[in-house]
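Novice: model the following, please.
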Amino acid sequence: MNKKLLSFIFVFFALFIGAFYYTDIIQTPIIKTSNYIKLSFSNTLEYIDNKIELHFFQANKIEHLKAKLKEYENNHLIMQELASELDDLFSASKSDLKSVPEVELVRSISYRKFGDLNQIWIEMKDYNSSKIYGLVYNELVAGIVIPQNEQPLALLNKDIKSAYSVFIGKDKAPGIAHGNNSEYLVVKFIPAWFKLNVGDEVITSGLDKIFFKGLKVGKVISFSSSQGYQSAVIEPYYKINNPNYFHVIKKIR
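Specialist: Modelled structure (predicted):
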């Protein structure tokens, strides 16, 4: 192989790599195809695992699922009753508010980049790339979902781009929580007149239309003041790095 041919191959490869990293037109179909392949592989493995488990542990599994189903049915009925009573209250007060939240169970596909545990591609039906969604794991705030090349990308709490509004403590001091690429979260823009305490619980405010009000985020471990505002360092409740499933809040009301 002569030097000209080698040079041509090298230049062509360099241009392709550059175009891949900086051009959405090329990135988007490749990412879609890659995620489809990963999802198909994951579905196959899950199918095989389910068949093996069904064969060897069928009786115990059925009893366990029956017990869980009873628990979920009971909780669902209670929530339906509460939602119905809340709608009646809105109606009696002639309010146009309705308690019609929409929550979807979604599955993880893969990490976006090798070594970055805070960004995960997820499988999501009827995805609207113009919106930002709240991400929840076992009723704890896990992060947010943003569009990346028209695909749903989960940014976990620790990611610096993961941000949402919160309340702190009994006085409900408002602030904006975001990741810090470290073990802890940071809440900024807390008005100076609110008194903060170590151990104060941090919950979602619901004012950003991303989360319901009252979902648990973490606890204050330290705080400071600067330029008329306070900042607080938060130890998050959600600390899992490799979950298979999340819940996405598609609509709060």
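Novice: what pLDDT does Val103 get?
Specialist: Per-residue confidence (pLDDT) for Val103: 86.
Novice: tell me the phi and psi of it?
Specialist: phi -130, psi 140 (degrees, to the nearest 10).
Novice: and the closest residue to it other than its chain neighbours, bridged to which residues?
Specialist: Distances taken as Cβ to Cβ, 6 or more residues apart in numbering place His247 nearest to Val103, at 5.3 Å, with adjacent residues excluded. From N, CA and C alone the C-beta is placed, and that goes for glycine too. Counting by DSSP bridges, His247 is bridged to Leu105, Val136.
Novice: ok, how many other residues are close to Glu46?
Specialist: 12 (other Cβ atoms under 10 Å).
Novice: doesn't it belong to a helix?
Specialist: Yes: read with DSSP: H, G, I helix; E, B strand; the rest coil, Glu46 is one of the residues of a helix.
Novice: can you pull out the strands in the protein?
Specialist: Per DSSP state E, the chain carries strands over the ranges 102-111, 119-123, 133-137, 140-148, 151-156, 163-168, 173-178, 185-191, 201-204, 216-226, 229-236, 245-251.
Novice: export these to CSV and tack on distance to Ala92 and mean neighbour count?
Specialist: Shown next, in CSV, are the strands of the chain (distance: least, Cβ to Cβ, whole Å; neighbours: other Cβ atoms under 10 Å):
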stretch, distance to Ala92, mean neighbour count
strand 102-111, 24, 16
strand 119-123, 40, 21
strand 133-137, 29, 23
strand 140-148, 32, 23
strand 151-156, 39, 23
strand 163-168, 27, 24
strand 173-178, 30, 20
strand 185-191, 35, 18
strand 201-204, 27, 21
strand 216-226, 31, 16
strand 229-236, 39, 20
strand 245-251, 24, 18
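Novice: my read is that the residue nearest to Val103 contacts Val136, right?
Specialist: Yes: between His247 and Val136 there is a contact under Cβ atoms under 8 Å: 4.5 Å.
Novice: find residues that contact each of those two.
Specialist: Listed as contacting both His247 and Val136 by Cβ atoms under 8 Å, 6 or more residues apart in numbering are Val103.
Novice: OK, contacts around Asp200?
Specialist: Going by Cβ under 8 Å, 6+ apart, Asp200 touches 168-170, 219-220, 232.
Novice: and the nearest residue to it once chain neighbours are set aside, its phi and psi?
Specialist: Leaving aside its sequence neighbours, Asp200 sits nearest to Gly169 (Cβ to Cβ, 6+ apart; 3.6 Å). Note on Gly169: its backbone torsions stand at phi 70, psi -180 [degrees, to the nearest 10].
Novice: cool, and the one 3 residues further on?
Specialist: Main-chain dihedrals, Lys172, degrees, to the nearest 10: phi 60, psi 50.
Novice: now do it against Tyr229, distance only.
Specialist: Lys172 sits 16 Å away from Tyr229, going by Cβ to Cβ, to the nearest Å.
Novice: what's the answer for Leu135, then?
Specialist: Leu135 is 27 Å from Tyr229, where distance means Cβ to Cβ.
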